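S.K.: My questions are about this predicted structure, shown below with the sequence.
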Amino acid sequence: MSEPRLTRPCVDQLTPYSPGKPIEEVQREFGLTDIVKLASNENPLGPSPKAVEAICRAASEVWLYPDNDCYQLRRALSEKLGFPGEQILLGHGSDGLIHNICLAFVSPGDEVMMSTAPFGQWDFGAKLMEGTPVYVPMVDFRCDTEAMAARVSAKTKVVFIGNPHNPTGAMVTKAELETLLAALTESTILVMDEAYYDYVDDPEYPDSLALVKQGRPVIVLRTFSKSYGLAGLRVGYGVATPELADALGRVREPFDVTSVGQAAALASLHDPAQVERAKALSDESKEAMYVAFERLGLAYTKSYANFVWVDVGRDCREVFQELLKRGVIVRTGDIYGAPTHLRVSTGTREQTEQFVAGLEEVLGSAAS
Ligand SMILES: Cc1ncc(COP(=O)(O)O)c(C=O)c1O
């Protein structure tokens, strides 16, 4: 008799999330102490001192369950973003919100559209719900909204756009988004994943909140993980129309935003200067990397986020391994179907210098 099948068939298609290599692992493997991790688009400036104080204050209260409604944080976000509290989304990172979006809206067979080299959680969520991911090829590592528009059908339930897109850092402009919007009907939900929103300052960046205001079926996702430096606390937020927000509230796990996370996020909102400092640091790092890439003759994509996508012109896994030996952890492009690319997060001046020096050495062009 054959073994009974216990897992749902869609689970076979899922691969466990593979995070950036942790610092301690590299320390153990290579016996190094001075490690630079530029692999997970974290913010090396760290959180606001106000957030750290709030975390310490909240620590003694962790025997209590968190406020399930996130009243204070919701109110602060409602004021900041100009939407009623019911339209504010909060979750266990924007990862948690993406999961909830798939839970609430994707039924078996529904098409879930995204660019090639998608952010992993979109693909994961679609497959988990037995939806059909539809990957639309990028052009020059940029989202091709014209091709996406042409691919929209009655089956398209959700379209994910990363703006800026991870792993390439490219931006979808207002005009490009308009092309896509023109093809979408009321039966397709557009998710604007804006995890790197605070790093963008370009007049062509679309105002996605205005789409929600207009009542279009749009969900905007942002996070405290990047510009606010709170990745370890897992607080994502966003905005949606009342109907979509209501559905997301129904599938949400209870207490999915911790009390410490709520306190830290709230305190961070009172320190916008820290976010500006984070952006300035990231811009400086990006500039230094661009200069180095040009010196080394490496092609890169202009990034609107806190990471850079660069073609190192040879097997990215080899370059990754060589950089590890020099204490630098980056992300390889092969997991995104780009075997000669690296994704490198921006860092402090010293971290960026360590990466550039390591890369020059690995590529054997230090003297050029
Ligand atoms: C495009 C994009 N969306 C969402 C996330 C998840 O962020 P969070 O830490 O809020 O779960 C990331 C994290 O890297 C990301 O790059």
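M.R.: That came through, no problem. Numbering: from 1, shown residues only.

S.K.: Could you pull up the residues touching residue 351?
M.R.: With CB atoms under 8 Å, 6 or more residues apart in numbering as the criterion, the residues that contact residue 351 are 36, 38, 44, 285. All C-beta atoms are positioned from the backbone trio N, CA, C, and that covers glycine.

S.K.: now do residue 358
M.R.: The contact partners of residue 358, by CB under 8 Å, 6+ apart, come to 322-323, 326-328.

S.K.: any idea how this structure splits into domains?
M.R.: Per automatic domain parsing, the domain ranges recorded for the chain read 17-46+273-362, 49-270.

S.K.: Quick one: closest of these to residue 5.
M.R.: domain 49-270 (15.2 Å; CB to CB).

S.K.: Closest to the ligand out of the contacts of residue 351?
M.R.: The closest of the contacts of residue 351 to the ligand turns out to be residue 38 (CB to the nearest ligand atom; 13.2 Å).

S.K.: from memory that closest one sits against residue 350, does it?
M.R.: No. In this structure, residue 38 sits apart from residue 350 without contact. The criterion is CB atoms under 8 Å, and the distance is 11.8 Å.

S.K.: higher neighbour count, those two?
M.R.: Looking at residue 38 and residue 350 with other CB atoms under 10 Å, you find the greater number of neighbours at residue 38, namely 28 against 11.

S.K.: Please report how far the more buried one lies from residue 285.
M.R.: Here residue 38 is placed at a distance of 9 Å from residue 285 (CB to CB, to the nearest Å).

S.K.: what sits in contact with each of those two?
M.R.: Between them, residue 38 and residue 285 share these contacting residues under CB under 8 Å, 6+ apart: 346-347, 351.

S.K.: Include pLDDT when you put those residues into JSON lines, please.
M.R.: Formatted as JSON lines, the shared contacts of residue 38 and residue 285 follow (pLDDT from 0 to 100):
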{"residue": "346", "pLDDT": "98"}
{"residue": "347", "pLDDT": "98"}
{"residue": "351", "pLDDT": "97"}
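
S.K.: re the thing from before, so of the contacts of residue 358, which ones are in strands?
M.R.: Taking DSSP state E, the ones among these that sit in strands are residue 328.

S.K.: out of the contacts of residue 358, which are buried?
M.R.: 323, 326-328 (16 or more other CB atoms under 10 Å).

S.K.: Quick check: beta-bridge partners of residue 238?
M.R.: Under the criterion DSSP bridges, residue 238 forms beta bridges with residue 89, residue 221.

S.K.: Lovely, talk soon.
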